[in-house]
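> Sequence below, structure please.
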Amino acid sequence: MKRKALEHLFSMGFVTIVFIFVYYLIPKSTETRDNNLLVKKYYNLGIVDFSDSYQKNLFNDVLNIYYPKDLQKNRMLVFDIDEYRLSQFVNQDAKTGVEEKGLTAKRIRSILGMYFVFLFVYITVMIIIHYLAQSLAIIRFVKIKQGRTSYLKESISYFKEYKNIENTKTEKTEYLKKVIISVIKGAFKIAAYFIIFSPAYVVAYSIKTSVNTDSVLFMILLAVFTNGLLVNYAYKFFSLLTSESKSGYVETAIVKGLSNNYYDSIFKYVKIFHFNKKFQNHVFHHIYINAKYQNILNIKALSSFLITGLIIIEMALNIQGYMCYELLQNVLYKQYDVVIFIVLLIFFTVKMMELFVDFWYYRYSKKYENKN
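Predicted coordinates for the structure are as follows:
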């Protein structure tokens with residue numbers, strides 16, 4: 001474990017040194033002060049009304065005609081003038097000039113605040129997906145052991161029985177109810193799959209007009225129930241359960257008297273969705289424990305996919321005031337020192353999660369493999 005920890009720490013230190021080296025290689029902007037002077041100069045001329053979008057765009061076009069090689073700088077200048085104009089109404093202290101650009105102490109504090117929100121969402125989603133995926137995988141495994149079929153086959157079977165019944169009207173009504181319930185469950189399952197496998201931004205934009213998509217709660221729900229993460233992780237755990245159920249110790253446990261009845265009360269939804277799952281005196285308890293032990297390392301893959309998903313959600317929805325939106329903005333305006341700092345924070349998050357997973361797996365290994 002010490003070796004793995006050192007490997008993670010070494011990679012974090014190495015990447016940090018590389019990023020610092022790249023940061024110092026980036027040519028520092030010597031034009032910030034001059035740009036601030038230009039901003040105040042053009043704004044104070046009074047020739048252009050920068051609150052008028054037509055005049056503002058016309059001013060940008062004139063700059064492009066006179067300085068055709070500096071199209072990006074021209075656009076940035078217009079943006080800074082507009083920002084300065086707004087600051088006159090919002091912040092009385094901004095009259096001294098436009099906010100300094102780059103990785104200042106104020107910007108670092110602001111980004112760290114965004115990062116802690118990002119970290120809260122990331123950890124919360126990880127816990128929810130890990131918990132729900134195991135619960136859903138157990139439900140599927142138990143249903144297969146019970147001989148349950150799909151809702152479509154179930155509804156067809158009930159309908160055939162309904163047609164063949166020639167007894168009382170009450171019996172026919174009961175079977176008709178079963179058919180309707182199976183059809184409704186099947187339709188609900190199909191709709192759920194559509195949502196779960198859909199990209200987060202598709203779901204978000206479809207309900208954007210009726211729901212506030214800028215909240216932390218909405219981000220958590222999107223990250224959990226979209227992009228296919230939940231189903232993918234649940235399938236991995238289900239595969240481990242299936243694999244473990246075919247192991248030799250399962251048959252040995254059954255011979256020794258452990259229950260193999262999957263219609264037992266311990267498999268009620270309440271018990272399955274319990275946070276601390278226990279299936280005592282049943283062979284499934286050993287299947288679950290061994291699958292859970294092997295599933296720990298799958299968290300690394302989930303971690304990487306989840307980071308990507310959260311970045312896409314924030315960027316695609318243009319959720320202002322969040323870290324990944326800040327990253328996108330600074331890439332656009334070529335503030336690469338800020339970009340490097342944010343990317344480094346994301347990299348640290350992934351590596352710290354991998355370190356935590358390796359430590360967790362090591363502790364489990366000591367427990368189940370009787371290591372000192």
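
> okay, and for the stretch 101-250 of the chain, where does confidence drop off?
101-102, 150-154, 157-173, 175-176, 208-214 (pLDDT under 70).

> and the residue nearest to Phe237 when sequence neighbours are not counted, which of the three is it?
Closest residue in space to Phe237, ignoring its immediate chain neighbours: Ala137 at 4.0 Å, by Cβ to Cβ, 6 or more residues apart in numbering. Yep, even glycine has a C-beta here, placed from its N, CA and C like the rest. Assigned state for Ala137: helix (three-state reduction, DSSP: H, G, I helix; E, B strand; the rest coil).

> Distance check, Ala137 against Lys143.
11 Å (Cβ to Cβ, to the nearest Å).

> More neighbours: those two, which one.
Between Ala137 and Lys143, Ala137 has the larger neighbour count (other Cβ atoms under 10 Å), namely 25 against 14.

> Could you report the separation of that one from Ser198?
21 Å.

> now swap in Ser206 and tell me
For Ser206 relative to Ser198 (Cβ to Cβ), the value is 9 Å.

> next one: Lys292
29 Å.

> again, but for Lys56
Taking Cβ to Cβ, one finds Lys56 at 38 Å from Ser198.

> so how far is Lys56 from the nearest residue to Ile108 once chain neighbours are set aside?
Nearest residue to Ile108, sequence neighbours excluded (Cβ to Cβ, 6+ apart): Phe341, at 7.1 Å. Distance from Phe341 to Lys56, counting by Cβ to Cβ: 31 Å.

> Asn330 now?
Applying Cβ to Cβ to Asn330 and Lys56 gives a distance of 23 Å.

> Would you confirm that Val117 contacts Cys324?
No: using Cβ atoms under 8 Å, Val117 is not in contact with Cys324, being 10.7 Å away.

> more neighbours, these two?
Applying other Cβ under 10 Å to Val117 and Cys324 shows that Cys324 carries more neighbours, namely 21 against 14.

> Which strand or helix spans that one?
helix 323-332 (DSSP states H and E).

> Give me the contact list for that helix.
111, 114-115, 117-118, 310-311, 313-315, 318-319, 336, 338-339, 342-343, 345 (Cβ atoms under 8 Å, 6 or more residues apart in numbering).

> do the same with stretch 253-273
Residues contacting stretch 253-273 (Cβ under 8 Å, 6+ apart): 135, 138-139, 142, 145-146, 277, 279-284, 286.

> Please apply the same query to stretch 111-119.
Contacts made with stretch 111-119 from outside it, assessed by Cβ under 8 Å, 6+ apart, are listed as Val216, Leu310, Gly321, Tyr322, Met323, Cys324, Glu326, Val338, Phe341, Ile342, Leu345, Thr349.

> and what of stretch 233-242?
So stretch 233-242 is contacted by 129-130, 132-134, 136-138, 140-141, 287-288, 291, 294-295, 298, 302 (Cβ under 8 Å, 6+ apart).

> Those, buried ones only, as a PyMOL selection?
Of the contacts of stretch 233-242, the buried ones go into a single PyMOL selection, burial set by 16 or more other Cβ atoms under 10 Å:
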select buried, resi 129+130+132+133+134+136+137+138+140+141+287+288+291+295+298+302
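
> so of the contacts of stretch 233-242, which ones are in helices?
Applying DSSP state H to the contacts of stretch 233-242, the entries found in helices are 129-130, 132-134, 136-138, 140-141, 287-288, 291, 294-295, 298, 302.

> Counting neighbours, what do you get for Phe355?
If you look again at residue 355, you'll see it is Leu, not Phe. Leu355, neighbours per other Cβ under 10 Å, totals 17.

> Spit out the contact partners of it.
Leu355 is in contact with Lys4, Ala5, His8, Leu9, counting by Cβ under 8 Å, 6+ apart.

> Helix or strand for it, just tell me which one.
Going by DSSP H and E, Leu355 is in helix 336-368.

> That helix: how far from the chain's middle?
Centre-to-centre, helix 336-368 and its host chain are 16 Å apart (Cα atoms, centre = their mean, to the nearest Å).

> Could you tell me how far Lys177 is located from Val183?
11 Å.

> Could you look up the SS state of the nearest residue to Asp337 once chain neighbours are set aside?
Using Cβ to Cβ, 6+ apart and skipping residues adjacent in sequence, the residue nearest Asp337 is Leu103, 4.3 Å away. Secondary structure assignment for Leu103 (three-state DSSP): coil.

> My guess is Leu103 contacts Ile342. True?
No: Leu103 is beyond contact range of Ile342, at 9.9 Å (criterion: Cβ under 8 Å).

> Fine by me, thanks again.
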